[in-house]
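S.K.: heads up, no residue letters with this:
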């Protein structure tokens, strides 16, 4: 290892033409124009669930305000535990509370749960199959703060963990539907969390949409392309499908909010339908996420459509403004639209 | 069940016999498997005897009795010692002794909650126990339970950062129902614990964090019992710790002097010798 072989980024770089975009604040609204937003849907949904389940308690490791858990902490202060800047303790204490019959929701950033506290989640929570709900903000590429805050591999990490249910919700509709369902789930859950002003997307495209734990749902029908997507990439895929429609390309969108257990029956049924190009789209490295999970499902069941993956590269990503980074790494509506057109 | 109806009320004399029985069972299990963390089991036997036959509330017929004091074995590799005391307490049947470490046994080499009645947590990955104990102590307080949570850990776990996260949290949440037991035998895998990470003044350290702290000879049963009594009865508004200085392989002198005692090598012909040496020291 020499210094020269390290990835240095401090050579001066040419600033882009036109108006400059500052590094996005940590609380970044991902909503495109035209979508309504809901403030702190997780916090409010947890308060509602906790009114019906007196075993629900909330724990944070110094990020309650940044995981929308402060709504719960304000509404039910005697059921909120501040564990300090101590993510290993956060998970251990949540395990202890679960052992005593409580239903803990532990929140932090996705990087800190997946990287720093993994052993504690694995041994104290997952191996014991305890009903701890780990709900984590800043998943994938949702901050411009660079690799210290970008959890681009969390789905791969938690997919590999036995007993763990893994969820990547798209929007406020998913979160509001998800919270009571994971509260009732008797086992450990890892969920990503869009927080702050969260767009309401799915019900705009499919008014009767309701989150169902473990289920993939077709949000939009189409005969040329099947986009299988998760997280906010479903929102981008739906917008891309509208753009593609203007060019005469008919794209279906299958939303897969539960990554594990994967709804293989629905994925196989949709992938078997009439020779469509199948594209996966996720806000996560292409290593070990939704795309590889879908590919494995298709291959092991003898379903072999034309198949492409949209996701983040196997790299530590750059710091910068979030819109710039989404463009750089191909998560924008335009990028999805253009790549699908190129693959057809 | 209350403190008064504790399953075993024991004099110190009978505690000595309990400790001896724990050592003997651990040696017998070690002989069955040909190996085991015998040094730790022999060293911590007095602390375990005082725990299960003086301090803890539990019902041997119902290891999950809601009113029990929780005893967490953070050090999963000490499982052989806990199995010995669980047998001595009647929670595990003695006739399972010969299954230790075998296929299909309820007593695997490292302690796991899903295998063994009376094993509260899966230990082994070190530095987990005290954090889980914090969560259980919080949970017991939510339930207005008078039960205590005991967490038995090793001096090696004082090197794990997660231990100190839990130390601070216990004080923050005023967990006066949490008692941490540290087996300080100054041995870890690569040698002396105090040679691996600077320990400083352990007693002063815990006190500085806000814990009620005691440090006693963990192989002096009277001192051990008194420390448990003091920890339970204290009006200190936060958690309590007892640091027990113990001697690895205590009770079997020719093993005590082995240079490497973390995973002590006992030759096949030495088990009988060890049992014989132990026999000579049997309390009357």
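M.R.: Great, that's in hand. Predicted, not measured: the structure shown is a model, and the values here were computed from it.

S.K.: what number of residues lie near residue A:77?
M.R.: 8 (other Cβ atoms under 10 Å in any protein chain shown). Quick note: C-beta positions are derived from backbone N, CA and C, even for glycine.

S.K.: The one residue in chain B that gets nearest to chain A: what's it in contact with?
M.R.: Going by Cβ to the nearest Cβ, chain A is nearest to residue B:135 of chain B, at 2.1 Å. Taking Cβ atoms under 8 Å, 6 or more residues apart in numbering or on different chains as the criterion, residue B:135 is in contact with A:92, A:93, A:94, A:95, A:96, A:97, A:98, A:99, A:100, A:104.

S.K.: With adjacent residues omitted, what lies nearest to the fifth one?
M.R.: So the one you mean is residue A:96. Closest residue to residue A:96 apart from its sequence neighbours, by Cβ to Cβ, 6 or more residues apart in numbering or on different chains: residue B:135 at 2.1 Å.

S.K.: Next: the last one.
M.R.: Excluding the flanking residues, the one nearest residue A:104 by Cβ to Cβ, 6+ apart is residue A:94, at 4.1 Å.

S.K.: Which strand or helix spans that neighbour?
M.R.: helix A:87-99 (DSSP states H and E).

S.K.: Quick one: neighbours of the residue in the stretch 51-200 of chain A that chain B sits nearest to, just the number.
M.R.: Using Cβ to the nearest Cβ, the single residue of the stretch 51-200 of chain A nearest to chain B is residue A:96, 2.1 Å away. A count of nearby residues for residue A:96, using other Cβ under 10 Å, gives 33.

S.K.: Roughly how far does residue A:255 sit from residue A:281?
M.R.: 10 Å (Cβ to Cβ, to the nearest Å).

S.K.: Could you do residue B:242 as well?
M.R.: Taken as Cβ to Cβ, the span from residue B:242 to residue A:281 is 56 Å.

S.K.: before we move on, the earlier item: pLDDT (mean, whole number) over the helix holding residue A:94?
M.R.: If you average the pLDDT over helix A:87-99, you get 98.

S.K.: Tell me how many other residues surround residue A:160.
M.R.: Quick note: residue A:160 (other Cβ under 10 Å) scores 12 neighbours.

S.K.: What segments of chain B are helices?
M.R.: In chain B, the helices defined using DSSP state H lie at B:12-33, B:38-50, B:79-88, B:129-142, B:161-172, B:202-209, B:221-233, B:253-256, B:270-280.

S.K.: Mind putting the ones you listed into CSV with mean pLDDT?
M.R.: Putting the helices of chain B into CSV (pLDDT from 0 to 100) gives the following:
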stretch, mean pLDDT
helix B:12-33, 91
helix B:38-50, 96
helix B:79-88, 97
helix B:129-142, 98
helix B:161-172, 98
helix B:202-209, 98
helix B:221-233, 97
helix B:253-256, 88
helix B:270-280, 93
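
S.K.: from memory residue A:211 sits against residue A:172, does it?
M.R.: No: with contact defined as Cβ atoms under 8 Å, residue A:211 does not count as touching residue A:172 (10.6 Å).

S.K.: which of the two has more neighbours?
M.R.: residue A:172 (27 against 24).

S.K.: now the angle between helix B:129-142 and the helix holding residue A:94, please.
M.R.: Put simply, helix A:87-99 runs at 40 degrees to helix B:129-142, going by axes from the mean of the first three to the mean of the last three Cα atoms, to 10 degrees.

S.K.: Go ahead and name everything in contact with stretch B:110-121.
M.R.: Contact partners of stretch B:110-121, identified using Cβ under 8 Å, 6+ apart, comprise A:99, A:124, A:127-128, B:63-64, B:70-74, B:76-79, B:82-83, B:86, B:89, B:91-92, B:105-108, B:122-124, B:128-129, B:132.

S.K.: List the buried residues of that stretch.
M.R.: Neighbour-count burial for stretch B:110-121 flags B:110, B:111, B:112, B:113, B:116, B:118, B:119, B:120, B:121 (criterion: 16 or more other Cβ atoms under 10 Å in any protein chain shown).

S.K.: can you list the residues of the stretch 101-250 of chain B near chain A?
M.R.: For the stretch 101-250 of chain B, the residues in contact with chain A (Cβ under 8 Å from any Cβ of the partner chain) are B:113-114, B:120-122, B:124-125, B:127-128, B:130-140, B:142-143, B:161-162, B:165-166, B:168-169, B:172-173.

S.K.: List the contacts of stretch B:23-35.
M.R.: B:36, B:38, B:41-42, B:45, B:80-81, B:83-84, B:87-88, B:94, B:97-98, B:100-102, B:107, B:109, B:250-252, B:263, B:266, B:268, B:271, B:274-275, B:278.
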